[in-house]
Every structure is written in structure tokens, then in C-alpha cells.
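Undergrad: Just need the structure, nothing else, for what follows:
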Amino acid sequence: MFTIRKANDRGGADHGWLKTRHTFSFSSYQDRNHMRFRSLRVMNEDWVAPGQGFGTHPHENMEIVTYVLEGALEHRDSMGNGEVLRPGEFQRMTAGTGITHSEFNPSPNEPTHLYQIWLFPEKAGLEPSYEQKRFADDELQDQLRLVASREAANGSLLIHTDASIYVGRFAAGKNVVHPLAAGRHAWLQILRGQVQLGTQTLAAGDGVAVSDEHEFRFQAVGDAEVMLFDLA
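TA: As a prediction, this is how the structure comes out:
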């Protein structure tokens, strides 16, 4: 079963300094029909204006994954981390018992385009922790590269939930097959470009929930980048 969530159907807001789109209910956007998918709670696509950002704010009991597509994002947190994420870099935070952090676009003239994803952890009260990593371009090209997993497999980031996150960049015409074990589900988010899923063309910002399938297939229509979540 495939359930498509089109980009234009997402919630969101334009605050001037921040343009944001929410796949699932978040902040002032609340839709009881789109609260979560399995452990996937938040899928926010953000565009942050130059020199602007999110002031210090708290999180707890959530696994947070951030991926920068364009621009840069400066991160500071209560664990003492102070890093700048560049395009193609991934960040993972375990909020656990509680953290505070801020995120800013350090550029005076370039906007930042990013995805921030929240997943429910397997248990509450974990010790807060932080990771940041970049994967080589050739590891992402024309294949799904594991970038985060519960076991930190294959050099991926560690997340404390039964989920595996993949990212891939595909040339036009490339066919992709992802098998799903019994009882597993998937979410496919189109980051850039377009893919063909059966008779449906999915474009940047579109997502699709996959359940009760042993595999699913898609094809890059043009050059495309996707993020895939394999979920319990």
C-alpha cells in the first residue's frame, strides 16, 4: 500500500526570515490525519534567510536528524558542541533527558535550505549526545547509502530507534529497488528532482508512506535525490 503526501498539501508558514513546510503536524499546523508515520514524527523542510535562525530552545526524548541541502547551518548546544553544517552534511542529536540548542544561518547573503527530522526514541531518558558526519559523494551516487541506524552500521550515525535512514542521488533513468522485511514500513521523501513510482510522478517535497509491501521500486525521472526511512 502506497499513500502519497504531496508537497503542496503539507502545512507550513512564511515568517519572512523562515519559510517552512511540515509533512506532519508541527507548531501552529495541526492535522489529526497527519500526526506521524510509525516512529517518524517530524519532517520539516526549512529555508532560513541570511543571518537569521532559531534562538536557543529545548528538546527532550527525541532523535533529531538534520540534513543541509544548500547554504550552511551553525549549531550550538548545551553539551558544548559548536559546529557548522555544510551541504551534504548530516547531524544527529539524541535529546534524551534534555538539551538546549540554537541554529543559525551564518551567511550574510546566502539562504540555507535544510531538512530536520524527528523520530521517537525506543525509550525515554537517554543520555544526550551529538554526531555530525559527511559521506563521500560517490557513496551516495546511484545507490541508497545508509546514513543513520540503530546499530550505527556501515559507518552510519547512531539513532536510538528501530529505523534505518538512507540517502541516494540518482541519474536520470536509474531504477531503484528497496526490499522490505516482513512487518517493516517505509517512508520515501523526495529531496530534489523527480522520481516515478508506479504511475505516479513524485517531485521535490513529495513523500510516500509504504506498508504491506515486500519491496518497492522507483525510477529517477531526471537527476534526483531522495531520503528513505525503513521503519518498524
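
Undergrad: domain ranges for this protein?
TA: Domain assignment for the chain by automatic domain parsing gives 11-134, 137-231.

Undergrad: Using CSV, please lay out the ones you listed together with mean pLDDT, distance to Ile4 and mean neighbour count.
TA: Backbone N, C-alpha and C define where each C-beta goes, glycine included. Listed next are the domains of the chain as CSV, based on pLDDT from 0 to 100; distance: least, Cβ to Cβ, whole Å; neighbours: other Cβ atoms under 10 Å:
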stretch, mean pLDDT, distance to Ile4, mean neighbour count
domain 11-134, 97, 11, 17
domain 137-231, 97, 5, 17
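
Undergrad: any chance you could map the helices in the protein?
TA: 137-140 (DSSP state H).

Undergrad: Dead centre of it: give me the residue that sits there.
TA: Nearest to the mean C-alpha position of the chain, counting by Cα atoms, centre = their mean, stands Ile117 at 4.4 Å.

Undergrad: The closest residue to that one other than its chain neighbours and Trp118, how far apart?
TA: Leaving aside its sequence neighbours, Ile117 sits nearest to Val65 (Cβ to Cβ, 6 or more residues apart in numbering; 4.5 Å). Distance of Val65 to Trp118, given as Cβ to Cβ, to the nearest Å: 8 Å.

Undergrad: and what of Ser25?
TA: Distance, Ser25 to Trp118, by Cβ to Cβ: 12 Å.

Undergrad: Same question for Leu126.
TA: 14 Å.

Undergrad: One more: His59?
TA: 8 Å.

Undergrad: so Ile64 touches Ile99, yeah?
TA: No. Ile64 lies out of contact with Ile99 (Cβ atoms under 8 Å); the separation is 9.2 Å.
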